[in-house]
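>>> This is the structure alone, sequence omitted:
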């Protein structure tokens, strides 16, 4: 079978290679036939040598598929089940973090796509305990978006607890930002406002509006803080979700949230230091929630949200391609000519 791999350390060194179909080696593992796999910003960072990885490794950690075979200790799924998977493989399960349920930040974790072979191929193995069954009305394309949606649901609904009629501002109109807006609206938010830049106008702003945002603001053309003040009668936002990782975005987030408001930190900056208007945050007595990856509880909530919503999260999908076309897909995503790309193994066989 063919697989898109990061083959050695350094910038670049990504190629499609022939690899052996994996086999179950541990009794707690399952073999999964991949149906769709999403390209994450992490995959682009791995290409650029800006994220930890252990080559040679098949890339891709956002996926949906069908269970083909299970080890004898797997009890929660059976062959034929349609599934998605938490990307927390190799978490040690004995450290304080794991025992509290925070597998996602276990120092031993090795996720598929960078720490072990991932989903940009036909088959992969995963621990059965990380699998979640999906309903029949959820397409494989939509299910491939459950991983980033579970991230958004965990942050928005579980950590910062967006409530009915909250005014929510999302800073950053990337896929996770748009899914945070979606999760906020599905959880009862009153007004959802998404901030972005010129590059977001053609594709991302329309998608944000279809998936739950009531208003989009291009911060390069409009004064977002003034508009938010006007929309809230000077009260400002109950919740601001910072999903850009941009220093100016972080500063805007602190300015846009109300006193005693909640600030939800989603975007990574990629920098050792950023300037933050710290005194403003303190004088507002903000509750600040830092986040990383997804929790177990957010997965079934995300699946239910996607399956039952009248809004179709596949509105985010701009590319459905074979891994053989990975270079053009990566290039389009870098240039803002796409929102979310899916690699579909069956595309190669048509």
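The structure has been received and is ready for your questions. Keep in mind it's a predicted model, so treat the numbers as computed, not measured. Numbers count the residues shown, from 1 in each chain.

>>> can we go C-alpha only for contacts and neighbour counts from here?
Noted.

>>> Looking at the residue lying farthest from the centre of the chain now. What's its pLDDT?
Distance from the C-alpha centroid of the chain, by C-alpha atoms, centre = their mean, peaks at residue 233 (32.9 Å). Per-residue confidence (pLDDT) for residue 233: 97.

>>> sec struct for it, please.
coil (DSSP: H, G, I helix; E, B strand; the rest coil).

>>> what about it, distance to residue 212?
22 Å (C-alpha to C-alpha, to the nearest Å).

>>> Doesn't residue 69 belong to a strand?
Yes. Assessed with three-state DSSP, residue 69 lies in a strand.

>>> That one against residue 31, yeah?
Yes. Using C-alpha atoms under 8 Å, residue 69 is in contact with residue 31, at 5.1 Å.

>>> neighbour-wise, which of the two wins?
Using other C-alpha atoms under 10 Å, the more surrounded residue of residue 69 and residue 31 is residue 31, with 24 against 20.

>>> The one helix or strand the more buried one maps to packs against which elements?
Per DSSP states H and E: residue 31 is located in strand 29-38. On a contact count with 3 or more C-alpha pairs under 8 Å, 6 or more residues apart in numbering; DSSP states H and E, strand 29-38 meets strand 62-70, strand 123-127, helix 140-143, strand 340-343.

>>> which SS class is the residue positioned nearest the centre of the chain?
When the chain is reduced to its mean C-alpha position, the closest residue under C-alpha atoms, centre = their mean turns out to be residue 148, at 2.3 Å. Under three-state DSSP, the three-state class of residue 148 is helix.

>>> Can you pull out the residues in contact with the helix or strand just after the strand holding residue 31?
Sequence order places helix 41-47 as the next helix or strand after strand 29-38, per DSSP H and E. The contact list for helix 41-47 (C-alpha atoms under 8 Å, 6 or more residues apart in numbering) reads 6, 11-14, 51-53, 59-60, 113-114, 330.

>>> Pull out the buried members of the residues you listed.
6, 13-14, 53, 59-60, 113-114, 330 (16 or more other C-alpha atoms under 10 Å).
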